[in-house]
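Trainee: Next one to model:
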Amino acid sequence: MHIWDGMEWKVGFCSVVVAGIVATGCDAMDDGRADPDDATARQAVAFNPPGWGCRTCTYSNSPVLGDEEIGVFSQGAAWAGYTLAGAIEPNTGLLHDVAVVGQALEVYHANGDVLRGNALVGYKLLFKQGKNAFEATIYAYEAHEDWAAGHSIDTYGIFHEVPPGGVGDLPPTNLCPGMNLDETSIVFIEGERYDAQTKTVMPNEPNFVTAACRGHAIAKMKLMGYDPNDAYGSTPPQRQATLKMLTADYCGTGQSFTTIGQPLDWSDAMGNFPGGWGPGYLQDIEARWDDEGALCLAEPRNSAYDHRAVETECGFDIPECEGDPTDLEGAEWASYLVP
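Mentor: This is a model prediction of the structure:
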């Protein structure tokens with residue numbers, strides 16, 4: 001068996017050439033990183049870090065879990081949604097078996113070769129739903145560092161030219177609505193689904209894959225080291241607490257109290273983010289979180305709401321956050337307003 005992953009991929013925004021074992025360094029501002037001691041540089045990327053972000057970029061939240069054309073698909077289980085049925089080889093048109101394993105797409109040739117990574121560029125993924133078939137082309141692949149310890153995450157650029165479940169032609173359209181085709185925009189999570197309305201985790205779904213778009217809460221959760229298949233060991237309640245925190249679901253009912261791109265900092269009990277992203281942060285606490293929502297709340301991150309307005313929407317009182325702002329006090333997460 002041969003495993004092909006192409007000759008070049010991206011790590012963060014640095015190019016790595018496998019055959020020659022040559023790596024090029026990244027300029028600090030080119031990849032969205034800022035010197036945490038330089039307030040001017042920090043503000044330059046504070047509210048619009050490029051691409052997939054980075055460990056030393058500032059962070060922001062998302063009010064939605066995802067907005068994908070195909071947010072969940074099956075790998076063999078019978079259900080009413082889409083099933084990943086194969087991968088069509090460019091040039092030959094041959095149909096091969098394909099699967100998402102952990103986070104990575106793999107295409108299996110009859111001769112035993114397994115293709116991954118950049119070797120998949122040009123392949124078309126075939127999805128089926130009943131009598132309907134839908135093809136989506138892999139146009140890009142990059143490996144990016146996660147925001148926790150820099151572990152590699154597979155990211156893909158995928159477009160389609162026929163609407164899912166529809167007929168007719170479109171210009172090449174990103175599978176992540178509204179995103180350009182100039183870089184990768186989607187990640188995969190095998191074995192877990194998420195309820196977009198209640199913002200809850202549906203674990204232990206071995207025949208299903210979640211597709212998550214860059215910038216939305218599920219993709220951010222994965223970059224933060226909260227994925228059922230990564231090396232950090234998070235539990236379903238910890239992942240659910242992460243989604244509640246990212247989406248400002250104070251009540252725990254699925255209602256979000258924030259907007260896209262709202263700046264935010266955070267720290268977690270698991271230890272992936274012990275000290276925020278830069279000096280002077282982790283002072284102005286917003287809330288402490290578990291898998292049921294906010295355990296306490298100071299002032300909401302979105303200035304359109306105050307504490308009382310949130311309580312009115314929730315229909316119950318939420319205690320004020322008190323004490324040392326860096327003390328999680330048994331919570332999974334603490335969120336902080338950005339100075």
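
Trainee: which residues in the protein form helices?
Mentor: 39-46, 217-223, 236-247, 307-314 (DSSP state H).

Trainee: Out of those, which is closest to residue 210?
Mentor: helix 217-223 (6.4 Å; Cβ to Cβ). Where you see a C-beta, it was placed from the backbone N, CA and C, and this is true even at glycine.

Trainee: and the closest one, what other elements does it pack with?
Mentor: Contacts defined by 3 or more Cβ pairs under 8 Å, 6 or more residues apart in numbering; DSSP states H and E place helix 217-223 against strand 186-190, strand 208-213, helix 236-247.

Trainee: and the ones you listed as TSV, adding distance to residue 135, mean neighbour count and mean pLDDT?
Mentor: Shown next, in TSV, are those (distance: least, Cβ to Cβ, whole Å; neighbours: other Cβ atoms under 10 Å; pLDDT from 0 to 100):
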stretch	distance to residue 135	mean neighbour count	mean pLDDT
strand 186-190	16	23	97
strand 208-213	15	24	95
helix 236-247	31	24	97
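
Trainee: so which of the ones you listed comes closest to residue 224?
Mentor: Closest among the helices and strands packed on helix 217-223, using Cβ to Cβ: helix 236-247, at 6.5 Å.

Trainee: Just list what the closest one packs against, helices and strands only.
Mentor: strand 200-202, helix 217-223, strand 285-290, strand 333-336.

Trainee: what sits up against the longest one?
Mentor: Helix 217-223 has contacts (Cβ atoms under 8 Å, 6 or more residues apart in numbering) with 52-53, 59, 61-66, 103, 144, 146-148, 153, 186-187, 189, 194, 199, 210, 212-213, 227, 230, 239, 242-243, 246-247.

Trainee: What average pLDDT does stretch 310-322 get?
Mentor: In this model, stretch 310-322 has a mean pLDDT of 97.

Trainee: now do stretch 192-203
Mentor: pLDDT averaged over stretch 192-203 gives 95.

Trainee: so how far is that stretch from its chain's centroid?
Mentor: 14 Å (Cα atoms, centre = their mean, to the nearest Å).

Trainee: Just the terminal-to-terminal distance for that stretch.
Mentor: 5 Å (Cα to Cα, to the nearest Å).

Trainee: Not counting it itself, show me its contacts.
Mentor: 64-66, 71-72, 191, 204-205, 208, 210, 217-218, 228, 236-237, 239-240, 243-244, 247, 249, 253-254, 256.

Trainee: In it, which residues are buried?
Mentor: 192, 193, 194, 196, 198, 199, 200, 201 (16 or more other Cβ atoms under 10 Å).

Trainee: before we move on, the earlier item: now the helices and strands packed on helix 217-223 in TSV, with distance to residue 272?
Mentor: What follows is the helices and strands packed on helix 217-223, written out as TSV (distance: least, Cβ to Cβ, whole Å):
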stretch	distance to residue 272
strand 186-190	17
strand 208-213	18
helix 236-247	10
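
Trainee: Quick check: which of these is nearest to residue 112?
Mentor: Here strand 186-190 is closest among the helices and strands packed on helix 217-223 (Cβ to Cβ), at 22.2 Å.

Trainee: Quick one: list the elements packing against that closest one.
Mentor: strand 95-101, strand 152-160, strand 208-213, helix 217-223.

Trainee: Any chance of TSV for these, columns distance to residue 298?
Mentor: Putting the helices and strands packed on strand 186-190 into TSV (distance: least, Cβ to Cβ, whole Å) gives the following:
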stretch	distance to residue 298
strand 95-101	40
strand 152-160	32
strand 208-213	30
helix 217-223	21
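
Trainee: Among the buried residues of stretch 192-203, which one lies nearest to residue 299?
Mentor: Nearest to residue 299 among the buried residues of stretch 192-203, with distances taken as Cβ to Cβ, is residue 199, at 21.5 Å.

Trainee: Deepest in the core, which of the helices and strands packed on strand 186-190 is it.
Mentor: Highest mean neighbour count among the helices and strands packed on strand 186-190 (mean count of other Cβ atoms under 10 Å): helix 217-223, with a mean of 26.

Trainee: pLDDT averaged over that helix, what's the number?
Mentor: 95.

Trainee: Dump the helices of the chain to JSON lines, plus distance to residue 95.
Mentor: Compiled in JSON lines, those are given as follows (distance: least, Cβ to Cβ, whole Å):
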{"stretch": "helix 39-46", "distance to residue 95": "44"}
{"stretch": "helix 217-223", "distance to residue 95": "29"}
{"stretch": "helix 236-247", "distance to residue 95": "35"}
{"stretch": "helix 307-314", "distance to residue 95": "50"}
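
Trainee: closest to residue 335 out of the ones you listed?
Mentor: helix 236-247 (5.5 Å).

Trainee: Any idea how far that closest one is from the middle of the chain?
Mentor: The answer for helix 236-247 is 13 Å, by Cα atoms, centre = their mean.
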